[in-house]
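In: quick one, fold the following:
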Amino acid sequence: DLLGTPPPRATKAILDAVCLKLKELQLQISDVKSQVKQPQDQTRALPAHHRVYAMRGKESFDGLGVGPNVPQWLHADGPVRNIQLSLPDVKELAVSFWQRLAAFGGGEDEDALS
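Out: Alright, predicted model coming up:
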């Protein structure tokens, strides 16, 4: 062959370098695998508005429960139907809310609203 056969010491040095590089690559692959798994684990830690945005296309989602750590207005146990309101519907709901609030005297008496 063109380059000839390397001496035994050079062959050992080449093989040692190749083995070292393979071990480094294995470590790099492990690091990449752990980074790929992290986003799946982090979805639970996302802020609420990110989780709501992620539920856009779903027809229902699991309720937060009825425990003491869940605000009363969010109490729901089991599946909750995901209602997608259009912008005009949201505007109509907001106007209706403010009209009812004004009917109670502008919200000056908070106890009357609860």
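
In: could you list the low-pLDDT ranges of the chain?
Out: Applying pLDDT under 70 to the chain flags the ranges 1-6, 37-49, 51-52, 106-114.

In: what ranges do the strands span in it?
Out: 60-62, 79-81 (DSSP state E).

In: show me which residues of the first one are buried.
Out: What it means is strand 60-62. Neighbour-count burial for strand 60-62 flags no residue at all (criterion: 16 or more other CB atoms under 10 Å). Using the backbone N, CA and C atoms, a C-beta is placed for each residue, glycine as well.

In: just stretch 28-35 next, same as before
Out: In stretch 28-35, counting by 16+ other CB under 10 Å, buried: nothing.

In: CA atoms only: put it into CSV for me.
Out: C-alpha atoms of stretch 28-35 as CSV (Å, rounded to 0.1, in the frame of the first residue of the first chain):
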residue,chain,number,x,y,z
GLN,A,28,-21.5,14.2,23.9
ILE,A,29,-24.3,11.9,22.8
SER,A,30,-25.4,11.5,26.4
ASP,A,31,-25.4,15.2,26.9
VAL,A,32,-27.5,15.7,23.8
LYS,A,33,-30.0,13.0,24.9
SER,A,34,-30.4,14.6,28.3
GLN,A,35,-31.0,18.0,26.6
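
In: from the chain's centre, how far out does that stretch sit?
Out: 20 Å (CA atoms, centre = their mean, to the nearest Å).

In: next: stretch 12-22.
Out: The chain centre lies 42 Å from the centre of stretch 12-22; the measure is CA atoms, centre = their mean.

In: stretch 61-68 now?
Out: With CA atoms, centre = their mean, you get 18 Å for stretch 61-68.

In: what's in contact with it?
Out: Residues from elsewhere that reach stretch 61-68 (CB atoms under 8 Å, 6 or more residues apart in numbering): 55, 70, 74, 75, 76, 77, 78, 79, 80, 82.

In: quick one: end-to-end length of that stretch, please.
Out: 20 Å (CA to CA, to the nearest Å).

In: buried residues in the helix ranked longest in the chain?
Out: Looking across the chain with DSSP state H, the single longest helix is helix 8-42. For helix 8-42, a neighbour-count test (16+ other CB under 10 Å) marks nothing as buried.
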